[in-house]
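[1] sequence plus the predicted model coming up.
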Amino acid sequence: MDAFAAPSPPRKVLVVEDEPTLAENIGTYLEAMGHEVRIVGDGSSAIALCGDFAPDLLVFDYSLPDMSGFEALDAMRRRGCHCAGVLITAHPGDRVRYAANARGVLHILYKPFALADLARLVRCVPADRS
């Protein structure tokens, strides 16, 4: 089934990815589906943006230039941002899976991944995660 086949309510998605082409592709794809997307390239920017933007979903890279994606997620949650999380990573080890599971991450997508797989996950995210 195509990711566009079953429309979902608009979601606010914060993409935290330091690889510009991947981040832009994710953003463009999700915006085409009607979601509101913000893109940042590091953890500090994600933490600063989370309160004002209040995302429903955080799509975050495991490895960011200034901290790990998990450190950014933990800091955002300490600030009251309790959105769902989808980890994108090229590191499919047990330690990464365990850390994601311990933090309640919705899903892990291993690079490279199909944008349609991410779109299916976005459709599953409840709009109110407070």
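    All right, it came through fine. Residues are numbered from 1 along each chain as shown.
[2] where does residue 98 fall, secondary structure wise?
    Under the criterion of DSSP states H and E, residue 98 resides in helix 94-102.
[3] contacts for whatever helix or strand comes next after that helix next, please.
    With elements assigned by DSSP H and E, the helix or strand that comes after helix 94-102 is strand 107-110. Strand 107-110 has contacts (CB atoms under 8 Å, 6 or more residues apart in numbering) with 86, 87, 88, 89, 90, 92, 96, 97, 100, 117, 118, 121. Every C-beta, even on glycine, is put in place using the N, C-alpha and C of the backbone.
[4] next, the angle from the host helix or strand of the first one to helix 94-102.
    Think residue 86. Per DSSP H and E: residue 86 is located in strand 84-89. Counting by axes from the mean of the first three to the mean of the last three CA atoms, to 10 degrees, strand 84-89 lies at 170 degrees to helix 94-102.
[5] that older thread, pLDDT-wise, what's the bottom of the contacts of strand 107-110?
    By pLDDT, residue 92 ranks lowest within the contacts of strand 107-110, coming in at 82.
[6] and that residue, how many neighbours?
    Residue 92: 11 surrounding residues under other CB atoms under 10 Å.
[7] so it: helix, strand or coil?
    Judged by DSSP: H, G, I helix; E, B strand; the rest coil, the three-state class of residue 92 is coil.
[8] who's in contact with it?
    The neighbours of residue 92, taking CB under 8 Å, 6+ apart as the test, are 108, 110.
[9] may I have the phi/psi pair for it?
    Backbone torsions for residue 92, taken as degrees, to the nearest 10, come to phi -90, psi 30.
[10] how near is it to residue 110?
    Separation of residue 92 from residue 110 (CB to CB, to the nearest Å): 5 Å.
[11] now do residue 21
    In terms of CB to CB, residue 21 sits 18 Å off from residue 110.
[12] ok, those two, which is more surrounded?
    It is residue 110, of residue 21 and residue 110, that has more neighbours when counted by other CB under 10 Å, with 13 against 8.
[13] pLDDT at the more buried one, what is it?
    95.
[14] do residue 9 as well
    Value listed for residue 9 in the pLDDT field: 86.
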